[in-house]
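Undergrad: sequence? don't have it. structure:
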């Protein structure tokens with residue numbers, strides 16, 4: 001599974017066969033979303049001193065509405081702050097398969113209780 005974590009402090013442990021990329025700022029995450037497709041996108045609702053997540057969320061909303069939609073299998077908002085996570089989720093839930101999960105300083109994909117899947121990346 002190809003995983004993108006956009007989070008200023010958390011680390012992610014890759015399970016066997018997973019490819020994990022970490023973006024520490026919304027700008028880094030936005031660049032990666034524009035360049036590649038992802039099976040799983042994990043978003044921290046609050047990037048602390050490293051920036052505001054809202055530009056990235058707006059980009060996903062606009063692309064879902066105006067097209068072409070960003071190829072993401074599932075979006076998971078990870079947070080220790082449920083109200084903040086809900087804010088991020090509200091903008092994305094109409095357009096993407098979405099889940100909210102509490103998270104500590106380290107994340108393991110299998111501990112999130114998500115299905116295992118991969119996007120079809122074939123050209124034909």
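TA: The structure has been received and is ready for your questions. Keep in mind that this is a model prediction, so the values were computed, not measured. Residues are numbered from 1 along each chain as shown.
Undergrad: contacts, neighbours, all on C-alpha from now
TA: Fine.
Undergrad: so which residues of this protein form helices?
TA: All helices of the chain, identified by DSSP state H, fall at 26-35, 54-66, 82-92.
Undergrad: in CSV: those, plus distance to residue 100.
TA: Shown next, in CSV, are those (distance: least, C-alpha to C-alpha, whole Å):
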stretch, distance to residue 100
helix 26-35, 19
helix 54-66, 15
helix 82-92, 7
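Undergrad: in CSV: the ones you listed, plus mean neighbour count and mean pLDDT.
TA: Putting the helices of the chain into CSV (neighbours: other C-alpha atoms under 10 Å; pLDDT from 0 to 100) gives the following:
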stretch, mean neighbour count, mean pLDDT
helix 26-35, 16, 92
helix 54-66, 16, 88
helix 82-92, 16, 80
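Undergrad: of the ones you listed, which is nearest residue 98?
TA: helix 82-92 (7.4 Å; C-alpha to C-alpha).
Undergrad: which strands and helices lie in contact with that closest one?
TA: For helix 82-92, the elements it packs on are helix 54-66, strand 72-79, strand 98-102, judged by 3 or more C-alpha pairs under 8 Å, 6 or more residues apart in numbering; DSSP states H and E.
Undergrad: in JSON lines: the ones you listed, plus distance to residue 10.
TA: Output for the helices and strands packed on helix 82-92, formatted as JSON lines (distance: least, C-alpha to C-alpha, whole Å):
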{"stretch": "helix 54-66", "distance to residue 10": "18"}
{"stretch": "strand 72-79", "distance to residue 10": "10"}
{"stretch": "strand 98-102", "distance to residue 10": "12"}
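Undergrad: residue 91: which of those is closest?
TA: Comparing those by C-alpha to C-alpha, helix 54-66 comes nearest, at 6.7 Å.
Undergrad: hmm, residue 33 is touching residue 59, no?
TA: No - if you go by C-alpha atoms under 8 Å, residue 33 and residue 59 don't touch, sitting 9.4 Å apart.
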